[in-house]
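Undergrad: build the 3D model from these lines:
(one chain, ligands or ions: 1)
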Amino acid sequence: MSRALADPAVAAATGELRRTLAVLHQSLVTNGLVAWTSGNISARVPGADLLVIKPSGVGYADLTPESMVVCDLSGAQVDGELRPSSDTASHAYIYRHMPHVGGVVHTHSRYATAWAAAGEPIPCVLTAMADEFGGEIPLGPFAPIGGDEIGRAVVETLAGHRSPAVLLRSHGVFTIGGTARDAVKAAVMCEDVAATVHLAASRGELAPLPRDQVDALHHRYKTEYGQR
Ligand SMILES: [Zn+2]
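TA: Residues are numbered from 1 along each chain as shown. Next comes the predicted model:
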């Protein structure tokens with residue numbers, strides 16, 4: 001076990017995140033974003049260089065707080081009985097290089113992954129996209145699974161965008177957020193607009209929103225929308 005987990009505050013935060021992730025993983029199922037054991041969520045442990053992530057190859061119905069795995073930010077396992085997700089090194093890379101990120105989600109959700117398979121970013125043709133993503137949902141390169149190359153592709157692609165979601169060519173979707181819940185929301189919204197824009201594209205040419213309208217919508221959404 002990591003020495004950091006001997007700190008009662010870190011141990012308490014880790015326990016809380018284990019429970020949160022168990023619930024959030026079920027929301028990937030209820031939102032139709034995952035099939036079988038594909039997909040995973042992680043969360044950064046506040047106050048420690050640790051993350052909590054889904055175990056590898058375990059079905060969603062069998063996920064419990066106890067089954068989640070704790071790793072350090074190099075991706076090495078420090079607590080948990082099961083092996084961590086095969087995407088752990090990439091989640092860790094994202095946390096090391098994006099200090100504002102507290103949660104990461106990866107799915108192969110159907111419509112978003114169809115755009116990734118076609119090798120196309122999702123153009124910003126909806127107010128909901130301007131709100132949530134501040135522009136297009138970008139396409140990153142293909143990267144092999146298992147090491148941290150996917151994490152590098154995510155960080156480098158998102159650097160030039162406001163979007164919390166990125167499509168990885170021939171693979172699927174990664175989303176980031178201040179919390180794991182924020183990253184799940186981005187994954188849900190990404191799939192929703194991916195489906196809508198796909199349907200729109202089948203009806204004719206798409207007309208991206210003008211940049212000034214995108215900026216105004218994104219600003220309003222970030223500063224005025226919702227309960228304050
Ligand atoms: Zn994947």
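
Undergrad: so Leu51 sits in a strand?
TA: Yes - under DSSP: H, G, I helix; E, B strand; the rest coil, Leu51 falls within a strand.

Undergrad: can you get me a residue count around the nearest residue to it once chain neighbours are set aside?
TA: With sequence-adjacent residues excluded and distances taken as CB to CB, 6 or more residues apart in numbering, Leu51 is closest to Ser42, at 5.0 Å. (C-beta placed from N, C-alpha, C; glycine too.) Ser42 has 30 neighbours, counted by other CB atoms under 10 Å.

Undergrad: my read: Ser42 touches Val101, true?
TA: No - taking contacts as CB atoms under 8 Å, Ser42 lies outside contact range of Val101: 9.9 Å.

Undergrad: can you check which residues contact both of the two?
TA: Common neighbours of Ser42 and Val101, using CB atoms under 8 Å, 6 or more residues apart in numbering, do not exist here.

Undergrad: what sits against the residue nearest to Leu51?
TA: Ser42 neighbours (CB under 8 Å, 6+ apart): 21, 51-54, 85, 88, 91, 103-104, 180.

Undergrad: try His97
TA: 151, 155.

Undergrad: sec struct for the residue of the chain positioned farthest from its centre, please.
TA: Distance from the centre of the chain peaks at Gly204, with 30.3 Å (CA atoms, centre = their mean). Three-state assignment for Gly204 (three-state DSSP): coil.

Undergrad: now do the strands in this protein.
TA: 40-45, 50-53, 69-72, 77-79, 103-107, 139-140, 165-168, 172-177 (DSSP state E).

Undergrad: need the winner for burial among those strands.
TA: A comparison of the strands of the chain by mean neighbour count, using mean count of other CB atoms under 10 Å, puts strand 103-107 on top with a mean of 29.

Undergrad: list phi and psi for Arg169.
TA: phi -50, psi 130 (degrees, to the nearest 10).

Undergrad: surely it touches Gly140?
TA: Yes - in this structure, Arg169 is within contact of Gly140 by CB under 8 Å, at 6.7 Å.

Undergrad: if anything else comes up later, I'll come back, but that's it for now.
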